[in-house]
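turn this into a structure:
(chains A and B)
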Amino acid sequence: MRILIKMTNNSPEEPEKEKILRGENESRSSSFTKIEKEGLFFIDSQKRFLVWSAILPIFIILIQIANIIFLIMNPPPPGRPSLHREAPRIIEILSPLWIMIIIALFVLTNFFFLLRWQKKVQQYYHQEETFDKLIKSSPDEIDSSTKFISLSQITYDIIQHIKKIRKIFLLMNAIAVFYFLWFVSRIVFRLALGRLLFRGPPAQFPLILIILNILAQISLLIYLVFQWKFFRKWDLKISKLTTLEKRIYEELEL
Amino acid sequence: MKSSQYRSANLIIQTILEGILRAERENSLIKGIVKSHLINYCGLKSTTADKYLMKLENAGYIESYNEQWGDRTIIIYKITPLGKERYEWFVKINSEIE
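Numbers count the residues shown, from 1 in each chain, chains lettered A, B, ... in the order given. Okay, here's the model as predicted:
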């Protein structure tokens, strides 16, 4: 295989190449390394955040599964209907189901994106050698089956993903409010009312499940605050990026 | 103009600029990247690539020069300070508020 190095030996731009060979291209080389480092740092931080975004709601999903199991498996005792042990209404079973579906949708969307994205990031890290081969190969012997992934592609992928999950995130905010109301009406209110009217705690939810639900509420609240901050940063970023994109679009007269 | 239209055009533009910058880092013997290598790196059809390369050159983001390759002439693209600045802006916007 003829390599490009051979070709350049007969080039008319000899003085320029001599400069490069003397190491005067060092600034060019290191500048891309610096830019790349910044880009990879950004990708790493996004990756960490997305991993946490996927893991945390799994806990909330597990609590909802426990809620549903408990509601279905613990009907009121047979015989005279008890005022403080009513059979769960369909809406009460559907509520944790809705909460679970929306949160699971958010988690799964993030998770599958992460899987695909991670593959691309790995490909970017490992394509150095292939890229080196490409630029040193003869222009007649290019292997067009080799697909490259650029830092720009990885960045734009996450931008597209954020735009999509932002919509699901709004649904998740609504469901968080619904979860809070459901929790208050189903557990807290009945617990208080049961104690007040029947002088004893209603046996519908065991204490451990109540505590886990409270923990789930707190973690969901913290999670939402972090997500809001995350999306707020992204709004700023996307608005700056759009300004740059418009400028480039105009400069190129596309 | 929709922002998605800017975005798809800008993805191509940034990938081209990145390809040239990467080649300049990897290949210390020539300044720039051979056109066919660049098209392969960006994964573009040659007609699309020609359109963008021409626009980038007209805007002063990149420059081209010819090299002899045996009997034929090949085109080599290199990035200008303006092109490099635009790519740097793109990376900085993404990383500055982390």
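
how about residue B:76, secondary structure?
Taking DSSP: H, G, I helix; E, B strand; the rest coil as the rule, one finds residue B:76 in the strand state.

tell me if I'm right that it and residue B:37 touch.
No - the criterion here is CB atoms under 8 Å, and residue B:76 misses it with residue B:37 at 9.3 Å. Where C-beta positions appear, they are placed from N, C-alpha and C, glycine not excepted.

buried set for the lengthiest helix in chain B?
Longest helix in chain B by number of residues (criterion: DSSP state H): helix B:3-26. Within helix B:3-26, the residues that count as buried by 16 or more other CB atoms under 10 Å in any protein chain shown are B:6-7, B:9-26.

over to stretch A:224-242?
Quick answer for stretch A:224-242 (16+ other CB under 10 Å): A:227, A:230-231, A:234, A:237-238, A:240-241.

from the chain's centroid, how far away is that stretch?
Here the centre of stretch A:224-242 is set off from its chain's centre by 13 Å, with CA atoms, centre = their mean, to the nearest Å.

can you tell if that stretch touches chain B?
Yes - taking CB under 8 Å from any CB of the partner chain as the criterion, stretch A:224-242 and chain B are in contact, through A:233, A:236-237, A:240-242.

including secondary structure, could these go into a markdown table?
Formatted as a markdown table, the residues of stretch A:224-242 next to chain B follow (three-state DSSP):
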| residue | secondary structure |
| --- | --- |
| A:233 | helix |
| A:236 | helix |
| A:237 | helix |
| A:240 | helix |
| A:241 | helix |
| A:242 | helix |
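
which regions of chain B lie under the pLDDT threshold?
For chain B, the stretches flagged by pLDDT under 70 are B:1-5, B:26-29, B:96-98.

how about the residues of the stretch 51-200 of chain A near chain B?
Close to chain B, as judged by CB under 8 Å from any CB, the stretch 51-200 of chain A has residues A:128, A:131-132, A:134-139, A:142, A:144, A:146-148, A:150-153, A:155-156, A:159.

type out the ChimeraX command that picks the buried ones from those residues.
For the buried members of those, the matching ChimeraX selection, counting by 16+ other CB under 10 Å, is:
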select /A:131,134,135,136,137,138,139,142,148,150,151,152,153,155,156
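
which phi and psi does residue B:80 have?
Phi and psi for residue B:80, reported as degrees, to the nearest 10, are phi -100, psi 170.
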